[in-house]
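1. Fold the following for me, if possible:
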Amino acid sequence: MEILWRDGMLAAGELAAVLKRETGWNRNTTYTVIKRLIDKGAIRRSDPGFVCEALIPKEQVQSHETKELINKMFDGSAEMFFSAFVNEKNLSKEEIDKLKKIVENLS
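-> You can find the predicted model right below:
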(Lines give C-alpha, C1' and ligand atoms only; values in the text may rest on other atoms or scores of the structure.)
Protein backbone atom coordinates (compact mmCIF):
# COMPACT_ATOMS: atom_id res chain seq x y z
CA MET A 1 0.00 0.00 0.00
CA GLU A 2 2.83 2.39 0.85
CA ILE A 3 4.20 2.08 -2.68
CA LEU A 4 0.80 2.75 -4.28
CA TRP A 5 0.19 5.72 -2.00
CA ARG A 6 3.64 7.09 -2.80
CA ASP A 7 3.85 6.32 -6.52
CA GLY A 8 0.20 6.16 -7.57
CA MET A 9 -1.19 3.55 -9.95
CA LEU A 10 1.32 0.88 -11.00
CA ALA A 11 1.22 -2.27 -13.05
CA ALA A 12 1.61 -5.34 -10.86
CA GLY A 13 4.95 -6.11 -12.55
CA GLU A 14 6.25 -2.63 -11.71
CA LEU A 15 4.98 -2.97 -8.17
CA ALA A 16 6.76 -6.32 -7.84
CA ALA A 17 10.00 -4.77 -9.13
CA VAL A 18 9.81 -1.88 -6.64
CA LEU A 19 9.07 -4.24 -3.74
CA LYS A 20 11.93 -6.52 -4.78
CA ARG A 21 14.30 -3.54 -4.76
CA GLU A 22 13.02 -1.95 -1.56
CA THR A 23 12.08 -4.95 0.59
CA GLY A 24 13.47 -8.06 -1.08
CA TRP A 25 10.01 -9.53 -1.71
CA ASN A 26 9.80 -12.03 -4.55
CA ARG A 27 7.19 -11.75 -7.29
CA ASN A 28 4.97 -14.52 -5.84
CA THR A 29 4.80 -12.79 -2.46
CA THR A 30 3.84 -9.50 -4.10
CA TYR A 31 1.12 -11.12 -6.20
CA THR A 32 -0.28 -12.95 -3.15
CA VAL A 33 -0.49 -9.67 -1.23
CA ILE A 34 -2.07 -7.93 -4.24
CA LYS A 35 -4.75 -10.63 -4.40
CA ARG A 36 -5.49 -10.31 -0.69
CA LEU A 37 -5.74 -6.54 -0.93
CA ILE A 38 -8.09 -6.83 -3.92
CA ASP A 39 -10.25 -9.31 -1.96
CA LYS A 40 -10.38 -6.85 0.97
CA GLY A 41 -11.33 -3.96 -1.33
CA ALA A 42 -8.18 -1.99 -0.52
CA ILE A 43 -6.92 -1.88 -4.10
CA ARG A 44 -8.42 -2.27 -7.55
CA ARG A 45 -6.90 -4.13 -10.48
CA SER A 46 -7.70 -2.93 -13.97
CA ASP A 47 -6.79 -4.27 -17.37
CA PRO A 48 -4.96 -4.04 -19.63
CA GLY A 49 -1.68 -4.38 -17.83
CA PHE A 50 -2.92 -5.52 -14.41
CA VAL A 51 -2.71 -1.94 -13.12
CA CYS A 52 -3.14 -1.60 -9.35
CA GLU A 53 -4.66 1.43 -7.66
CA ALA A 54 -5.16 2.14 -3.96
CA LEU A 55 -8.84 2.57 -3.10
CA ILE A 56 -8.34 3.48 0.55
CA PRO A 57 -6.53 6.71 1.46
CA LYS A 58 -3.49 6.41 3.70
CA GLU A 59 -5.07 8.73 6.27
CA GLN A 60 -8.04 6.38 6.62
CA VAL A 61 -5.74 3.42 7.31
CA GLN A 62 -3.65 5.46 9.76
CA SER A 63 -6.78 6.51 11.65
CA HIS A 64 -8.08 2.94 11.81
CA GLU A 65 -4.73 1.49 12.92
CA THR A 66 -4.31 4.20 15.56
CA LYS A 67 -7.75 3.43 17.00
CA GLU A 68 -6.95 -0.29 16.98
CA LEU A 69 -3.63 0.31 18.78
CA ILE A 70 -5.25 2.53 21.42
CA ASN A 71 -8.04 0.01 21.99
CA LYS A 72 -5.72 -2.97 22.16
CA MET A 73 -2.76 -1.60 24.09
CA PHE A 74 -4.28 1.22 26.14
CA ASP A 75 -7.80 -0.03 26.93
CA GLY A 76 -9.26 2.57 24.59
CA SER A 77 -7.67 5.47 26.47
CA ALA A 78 -6.23 8.13 24.16
CA GLU A 79 -4.87 9.85 27.27
CA MET A 80 -2.86 6.76 28.27
CA PHE A 81 -1.60 6.41 24.70
CA PHE A 82 -0.53 10.05 24.51
CA SER A 83 1.12 9.88 27.92
CA ALA A 84 3.08 6.75 26.97
CA PHE A 85 4.12 8.33 23.67
CA VAL A 86 5.44 11.58 25.14
CA ASN A 87 7.10 9.88 28.10
CA GLU A 88 8.97 7.31 25.99
CA LYS A 89 10.13 9.61 23.23
CA ASN A 90 12.90 12.12 23.67
CA LEU A 91 10.99 15.06 22.21
CA SER A 92 12.73 18.22 21.10
CA LYS A 93 11.41 21.63 22.17
CA GLU A 94 10.15 22.12 18.61
CA GLU A 95 8.23 18.81 18.69
CA ILE A 96 6.74 19.68 22.10
CA ASP A 97 5.64 23.09 20.81
CA LYS A 98 3.99 21.46 17.76
CA LEU A 99 2.16 18.97 19.97
CA LYS A 100 0.97 21.80 22.25
CA LYS A 101 -0.44 23.64 19.23
CA ILE A 102 -2.22 20.50 18.05
CA VAL A 103 -3.82 20.03 21.47
CA GLU A 104 -4.74 23.73 21.75
CA ASN A 105 -6.44 23.60 18.34
CA LEU A 106 -8.68 20.73 19.48
CA SER A 107 -10.79 23.02 21.66
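2. who touches whichever strand or helix holds Tyr31?
-> Following DSSP states H and E, one finds Tyr31 within helix 27-39. The contact list for helix 27-39, computed with Cβ atoms under 8 Å, 6 or more residues apart in numbering, reads 1, 12, 15-16, 19-20, 43-45, 52. Just so you know, the C-beta spots here come from the backbone N, C-alpha and C atoms, and that holds for glycine as well.
3. Buried subset of those residues, written for ChimeraX?
-> The buried residues among those can be selected in ChimeraX (16 or more other Cβ atoms under 10 Å) with this line:
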select :12,15,16,19,43,52
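4. ok now the lengthiest helix in the chain, how far from the chain's centre?
-> Criterion DSSP state H: the longest helix present in the chain is helix 58-73. Averaging C-alpha positions (Cα atoms, centre = their mean, to the nearest Å) puts helix 58-73 10 Å from its chain's average.
5. Averaged pLDDT, that helix. What do you get?
-> The average pLDDT within helix 58-73 is 95.
6. Return the list of helices and strands in contact with that helix.
-> The contact analysis (3 or more Cβ pairs under 8 Å, 6 or more residues apart in numbering; DSSP states H and E) places helix 58-73 against helix 78-88.
7. Next SSE downstream of the helix it packs on?
-> On the C-terminal side of helix 78-88, the closest following helix or strand by DSSP H and E is helix 93-104.
8. so what does that following helix touch, helix or strand wise?
-> Checking 3+ Cβ pairs under 8 Å, 6+ apart, helix 93-104 ends up next to no helix or strand.
9. That helix to helix 78-88, inter-axis angle?
-> Taking axes from the mean of the first three to the mean of the last three Cα atoms, to 10 degrees, one finds helix 93-104 and helix 78-88 inclined to each other by 170 degrees.
10. ok, residues contacting helix 93-104?
-> 86, 91.
11. redo that, cut-off 6 Å
-> For helix 93-104, there are no external contacting residues (Cβ atoms under 6 Å, 6 or more residues apart in numbering).
12. gap between it and the chain center?
-> Distance of helix 93-104 from the chain centroid (Cα atoms, centre = their mean) equals 23 Å.
13. want to throw the contacts of helix 27-39 into JSON lines with distance to Thr32?
-> Output for the contacts of helix 27-39, formatted as JSON lines (distance: Cβ to Cβ, whole Å):
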{"residue": "Met1", "distance to Thr32": "14"}
{"residue": "Ala12", "distance to Thr32": "11"}
{"residue": "Leu15", "distance to Thr32": "12"}
{"residue": "Ala16", "distance to Thr32": "11"}
{"residue": "Leu19", "distance to Thr32": "12"}
{"residue": "Lys20", "distance to Thr32": "14"}
{"residue": "Ile43", "distance to Thr32": "13"}
{"residue": "Arg44", "distance to Thr32": "17"}
{"residue": "Arg45", "distance to Thr32": "14"}
{"residue": "Cys52", "distance to Thr32": "13"}
